[in-house]
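J.: Could you look at this predicted model? Sequence included:
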Amino acid sequence: MSKFNKESDGRYGDSDGRKRGGKGDRNFDKEATDLLKGLSEKQLYQLFEIVVTEMKHQCSEERTMELVAVRKAIRKSPLVEGYRFDRIINGYQSEMARTGNPKDGQYTPIRKKV
């Protein structure tokens, strides 16, 4: 199970969106919601993919809080559907998706050669 699949974001999930326990000068949640204004549904999914890949890399605590705030804001957006986030995070889990080859989808009967 991925650490990004949890709804609670560990030590960042309970914060009010500000750095250092509410005493910081930046409101990450407000910045994230302002960032999402005017984006289409497709752009929101693309931004979510970018956020998930960036969260896998090592970064500073401030950068992590920015990414968590953007991810929470995208999940709360009314334009997006929740089940697609699991597909973005975990990928497709079917056997065909994991082990399939392009030739598996089409069957050509064996023909006798004359």
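T.: Right, received. Where do you want to start? The structure presented is a predicted model; accordingly, all values stated were derived computationally and were not measured. Numbers count the residues shown, from 1 in each chain.
J.: quick one: secondary structure of the closest residue to Y92 other than its chain neighbours?
T.: Closest residue to Y92 apart from its sequence neighbours, by Cβ to Cβ, 6 or more residues apart in numbering: R98 at 7.7 Å. Backbone N, C-alpha and C define where each C-beta goes, glycine included. Secondary structure assignment for R98 (DSSP: H, G, I helix; E, B strand; the rest coil): helix.
J.: For R98, give its distance to L39.
T.: Remark: distance between R98 and L39 (Cβ to Cβ, to the nearest Å) = 32 Å.
J.: With L79 instead?
T.: Distance of L79 to L39, given as Cβ to Cβ: 8 Å.
J.: hmm, back to that, give me the more crowded residue out of R98 and L39.
T.: Higher neighbour count among R98 and L39: L39, with 15 against 9, using other Cβ atoms under 10 Å.
J.: If I look at that one, what pLDDT would I see?
T.: What the model reports as pLDDT for L39 is 90.
J.: give the contact list for it.
T.: Applying Cβ atoms under 8 Å, 6 or more residues apart in numbering to L39 gives the contacts L47.
J.: So it, which state does it fall into?
T.: L39 is classified as coil under three-state DSSP.
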